[in-house]
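K.L.:
structural data only, the sequence is not supplied:
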């Protein structure tokens, strides 16, 4: 699966969880860039992504997720 696949799958999740349809995902996008992305919404994003992709992140993996690119990389590893 290429990165475009993940961007397409993740965009609606980010839009819904953060309640912001104007978000355009890019690899370096992080919580610092989006006002709605706080610690609680970060957990909600993780749970929604786990549900959508039917995977579970370990706590160590979650702590390594600093931006969208990290999330995509982690998803690619999980789904290999």
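P.N.:
Cool, got the structure. Here the structure is a predicted model, which is why all the values come from computation and not from measurement.
K.L.:
can you name the next helix or strand after the helix or strand of the chain with the lowest mean pLDDT?
P.N.:
The helix or strand of the chain with the lowest confidence, counting by mean pLDDT, DSSP states H and E, is helix 59-63 at a mean of 94. Using DSSP states H and E, the next helix or strand after helix 59-63 towards the C-terminus is helix 68-79.
K.L.:
quick one: mean pLDDT over that following helix.
P.N.:
Here helix 68-79 scores 96 as its mean pLDDT.
K.L.:
I'd like the distance from it to the chain centre, please.
P.N.:
Per Cα atoms, centre = their mean, to the nearest Å, the displacement of helix 68-79 from the mean C-alpha position of its chain is 9 Å.
K.L.:
what helices and strands are in contact with that helix?
P.N.:
helix 3-18, helix 39-53 (3 or more Cβ pairs under 8 Å, 6 or more residues apart in numbering; DSSP states H and E). Every residue, glycine included, has its C-beta placed from N, CA and C.
K.L.:
which residues are contacting stretch 7-16?
P.N.:
The contact list for stretch 7-16, computed with Cβ atoms under 8 Å, 6 or more residues apart in numbering, reads 20-21, 23-25, 45, 48-49, 52-53, 68, 71-72.
K.L.:
repeat that with 6 Å
P.N.:
For stretch 7-16, the external contacting residues (Cβ atoms under 6 Å, 6 or more residues apart in numbering) are 21, 23, 25, 48, 49, 52.
K.L.:
I'd like to know how many residues surround residue 8.
P.N.:
Neighbours of residue 8 under the rule other Cβ atoms under 10 Å: 10.
K.L.:
brain fart, residue 37
P.N.:
20.
K.L.:
list the contacts for it?
P.N.:
18, 31.
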